[in-house]
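1. what's the 3D shape of this:
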Amino acid sequence: MEVHDQLRALLDEQGIAYKLLHHAAEGRSEEVAAIRGTAVGQGAKALVCRVKISSTKRANVLAVFPADRQADLDAIAQAIRGKKASLASRDLARELTGCEIGAIPPFTFNAELELLVDSTLGQRYEEIVFNAGRLDASILMRADDYLRLVTPRTAPFTSERVDDAAIEAVVDAQAAE
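-> All right, here's what the predicted structure looks like:
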């Protein structure tokens, strides 16, 4: 069964209300938020990471966080008591999730992929939205329903994202002084 179908079946079986959105295929957070008509911060971004636990042990982690924030790989490693984290390769991410990069939902259907959710998810918006295993479909649902359903390990592992425009404004302000 495809991830999209697994995800919908899970939500339906659990009686969780959600809205399925069909849209042009897009995996980039800002662009898909504009297409969906949602705030970027409502997006639940999912990154597949490899975390070094010891010299011989690695863990696979699905790190989920608001799409308008920046993930800190060192904080992800610390959250699961690892030494160092890196992004998984495209092939490994596809193997672990059954999805292309950009289509990965904030759910794991693989026992080899541990779920870690940033503690800020659901604090600013009542609803989250995410690509539903496909680049052309998203699910909008209540953040508290998501957190209650997945019962994730949570930890603070993000910071505010600094965009290029903000950096340019600081540089311009410093240059004007």
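2. can I take it that V32 is in a strand?
-> No - secondary structure of V32 (DSSP: H, G, I helix; E, B strand; the rest coil): helix, not part of a strand.
3. quick one: it from A44, how far?
-> 12 Å (Cβ to Cβ, to the nearest Å). Quick note: C-beta positions are derived from backbone N, CA and C, even for glycine.
4. next, E13: phi, psi?
-> Main-chain torsions, E13, degrees, to the nearest 10: phi -60, psi -30.
5. return the residues in contact with the closest residue to E160 other than its chain neighbours.
-> Spatially, and ignoring its direct neighbours in sequence, E160 is nearest to R69 (6.3 Å; Cβ to Cβ, 6 or more residues apart in numbering). Residues near R69 by Cβ atoms under 8 Å, 6 or more residues apart in numbering: 41, 118, 120, 158-161.
6. so how far is D5 from R69?
-> With Cβ to Cβ as the criterion, R69 and D5 are 30 Å apart.
7. now N60
-> For N60 relative to D5 (Cβ to Cβ), the value is 23 Å.
8. again, but for L11
-> For L11, the distance to D5 (Cβ to Cβ) stands at 11 Å.
9. residues in contact with Y18?
-> Contacts of Y18 (Cβ under 8 Å, 6+ apart): 11, 139-141.
10. any idea whether F109 is helix, strand or coil?
-> From three-state DSSP, the assignment for F109 is coil.
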